[in-house]
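1. Kindly generate the corresponding structure for this input.
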Amino acid sequence: MNIKQNLFNQCEAFVNKRAQTVEEIISSNQKALQSETKSSAGDKHETGRAMLQLEMEKAGQQLSGIQEMKEILSKIDISKNSTIAHLGSIIETEAVNYFLSISAGQLKVDGEIYFAVSVSSPIGKLLLGKTMHNELIFNGKKSKITLVI
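-> Predicted coordinates for the structure are as follows:
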């Protein structure tokens, strides 16, 4: 399996794990809401319901973020190599390696560390459209791009 495929698979696993976690939170909150309606009364009851409602809204927002990540991943064509950094590119610099995809953090392939970054993140915006030998300055640090695939 090539590096790009491996990184892509790790990003997919990251999204699926997040989706599963959020769905479990929603499910447990729904059960808690149902038991809240059956049990207590008064102010304590209302506060508990309000808190659960807020948790549900937060989980719903997380779910829409996860859906967005899935859509971004569906647009990545890992078979496409280009010398110009685009969604799905691997960009290696003198200091750090990146995979332009979704914000999934640090990923490891064959002992090498890559950072999965979104094209809408500050570093992602900086990397988009760059080519080999371009220099970039991020967080006050200058670095040269050594490879774009």
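2. Leu52 reaches Asn29, doesn't it?
-> Yes - using C-beta atoms under 8 Å, Leu52 is in contact with Asn29, at 5.3 Å. Where you see a C-beta, it was placed from the backbone N, CA and C, and this is true even at glycine.
3. For this protein, which segments count as strands?
-> In the chain, the strands defined using DSSP state E lie at 90-93, 97-101, 105-109, 112-118, 135-138, 141-148.
4. Mind listing the residues bridging to the nearest residue to Tyr114 once chain neighbours are set aside?
-> Closest residue to Tyr114 apart from its sequence neighbours, by C-beta to C-beta, 6 or more residues apart in numbering: Asn97 at 4.5 Å. Here Asn97 sits in beta bridges with Glu92, going by DSSP bridges.
5. Now do Thr131 against Ser89, distance only.
-> From Thr131 across to Ser89, the span is 10 Å (C-beta to C-beta, to the nearest Å).
6. With Ile78 instead?
-> With C-beta to C-beta as the criterion, Ile78 and Ser89 are 10 Å apart.
7. which one of those two has more residues nearby?
-> Neighbours per residue, other C-beta atoms under 10 Å: of Ile78 and Ser89, the larger number sits with Ser89, 25 against 18.
8. What sits closest to the more buried one if chain neighbours are left out?
-> Nearest non-adjacent residue to Ser89, counting by C-beta to C-beta, 6+ apart: Leu100, 4.9 Å away.
9. Which residue ranges make up the domains of this protein?
-> Structural domains annotated on the chain: 3-74, 90-148, as defined by automatic domain parsing.
10. what's the span of the shortest one from first residue to last?
-> It refers to domain 90-148. With C-alpha to C-alpha, to the nearest Å as the measure, domain 90-148 spans 6 Å from end to end.
11. now swap in the longest one and tell me
-> With C-alpha to C-alpha as the measure, domain 3-74 spans 18 Å from end to end.
12. quick one: that domain to chain centroid distance?
-> What separates the centre of domain 3-74 from the centre of its chain is 15 Å, taken as C-alpha atoms, centre = their mean, to the nearest Å.
13. What's the local residue count around Val148?
-> Residues near Val148, counting by other C-beta under 10 Å, number 23.
14. Show the model's pLDDT score for the closest residue to Asn9 other than its chain neighbours.
-> Once flanking residues are discounted, Asn9 sits nearest to Met1: 7.8 Å by C-beta to C-beta, 6+ apart. Note for Met1: predicted pLDDT of 73.
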